[in-house]
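J.: Dropping the sequence and predicted coords here.
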Amino acid sequence: MMLWLLLLQVWASCLWLGQGEVVPSFASCPQFFYQNIIPDNALTPLNPAWICQTLSNQQFFATLYNKDKRIPVYSAYIYKRETGERPSLQWMVEPQLIHSNFSKNMQTVATLRNITDVTEEEIMASEAVNEDYEGSGWDRGHLNPSGQHNSLINRNATFTLTNAVPMYPTLNRGQWKIYEQQTMRSKTENCPTTYVIVGAVPGNSSINKDRVNIPNYVWAGACCKTTNNTVIAWGAIARNNENTVQVLKLGELERNLTRLYNSGAVSLFHVDCPRT
């Protein structure tokens, strides 16, 4: 009888983990990766969180989060050509990084504090907050950008600080924006569905008293099956202190990331995505 109760408890806990936004793996939201293939473990930090980014009880993209450095490793999403204006709303946080019993829906700090007894110190211990960026001189740089989605709720869902890194303002508003808005539009001309992974290589400095890491590089990879039934892929990378973006082959990007992360060979996409 005791064994049965123990097994029942384990089964119930697994169900709970599978339903939450912070999950044991991306098995809970594989739809944001080409052919459901997730990047290998070379990018996984020592203290990771796998987040199925959820708003209004709907999943919108996936983020691997580095809890020690309080920035995402990468966000994975499906590209859609933008229709509509950039939202003007408050940045949100991930409640389940604080406590697994909290809502799976991203929320503002004010809302979270109103509906729970959590303190601001507890929130800050778990993730970045708006105060970290204020007066820092760095932008809240989207990894999954609002401008690559064609519905308001999709664009709203990108405004979570678990999807942002301190980005060099000139780059964020300059060549990286051009890559997001113009290069992606050109590259995806014949792609009904494009799978994208955008990430950041941690650096050696931080904002707000070493709380939030400033990445040395930001990078992006994409893969799609075209209307001609061919598979195409590409990448991009930029130093996070310059206004230059290098567009390159997927294989070149993966080799660069293998060198920069120095934790094993990096593979971002399914083997069908061409590296050359």
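T.: The structure has been received and is ready for your questions. Residues are numbered from 1 along each chain as shown.
J.: got the contact list for the helix or strand harbouring residue 184?
T.: In the assignment (DSSP states H and E), residue 184 maps to helix 184-187. Contact with helix 184-187 is made by 79, 81, 148, 194, 196, 222, 232, 234, as judged by CB atoms under 8 Å, 6 or more residues apart in numbering. Any C-beta I mention is one placed from the backbone N, CA and C, and that applies to glycine too.
J.: Swap in 7 Å and give it another go.
T.: Contacts to helix 184-187, defined as CB atoms under 7 Å, 6 or more residues apart in numbering, come from residues 79, 81, 148, 222, 234.
J.: In three-state terms, label residue 259 for me.
T.: State at residue 259, reduced to three classes by DSSP: H, G, I helix; E, B strand; the rest coil: helix.
J.: Can you get me a residue count around it?
T.: 10 (other CB atoms under 10 Å).
J.: Dump the contacts of helix 184-187 to CSV, plus secondary structure, pLDDT and neighbour count.
T.: CSV is the format used below for these (DSSP: H, G, I helix; E, B strand; the rest coil; pLDDT from 0 to 100; neighbours: other CB atoms under 10 Å):
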residue, secondary structure, pLDDT, neighbour count
79, strand, 96, 22
81, coil, 76, 13
148, helix, 93, 24
222, strand, 98, 26
234, strand, 98, 21
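J.: same for the helix or strand hosting residue 153, what does it pack against?
T.: Assigned by DSSP H and E, residue 153 falls within helix 152-157. On a contact count with 3 or more CB pairs under 7 Å, 6 or more residues apart in numbering; DSSP states H and E, helix 152-157 meets strand 48-55.
J.: Given the strand it packs on, what are its sheet partners and their directions?
T.: Looking at strand 48-55 with DSSP bridges, its partner strands are strand 22-23 (antiparallel), strand 58-66 (antiparallel).
J.: Kindly reformat these as a markdown table containing mean pLDDT.
T.: Output for those, formatted as a markdown table (pLDDT from 0 to 100):
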| stretch | mean pLDDT |
| --- | --- |
| strand 22-23 | 94 |
| strand 58-66 | 98 |
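J.: Identify whichever of those strands lies nearest to residue 239.
T.: Nearest of those to residue 239, taken as CB to CB: strand 58-66 at 19.4 Å.
J.: what residues does that closest one touch?
T.: 26, 29, 32, 43-45, 47-53, 72-77, 144, 154, 157, 162-163.
J.: By neighbour count, sort out the buried ones in the residues you listed.
T.: Among those, those classed as buried by 16 or more other CB atoms under 10 Å are 26, 29, 32, 43-45, 49-53, 72-77, 144, 154, 157, 162-163.
J.: residues near residue 242, how many?
T.: Residue 242: 12 surrounding residues under other CB under 10 Å.
J.: any idea how far it is from residue 90?
T.: Separation of residue 242 from residue 90 (CB to CB, to the nearest Å) stands at 30 Å.
J.: With residue 140 instead?
T.: Residue 140 is 11 Å from residue 90, by CB to CB.
J.: more crowded one of those two?
T.: For residue 140 and residue 90, the more surrounded residue by other CB under 10 Å is residue 140, and the numbers stand at 18 against 11.
J.: Just say helix, strand or coil for the more buried one.
T.: strand.
J.: returning to that earlier point: now flag whichever of the contacts of helix 184-187 is closest to residue 167.
T.: Using CB to CB, the contacts of helix 184-187 come closest to residue 167 at residue 148, 15.8 Å.
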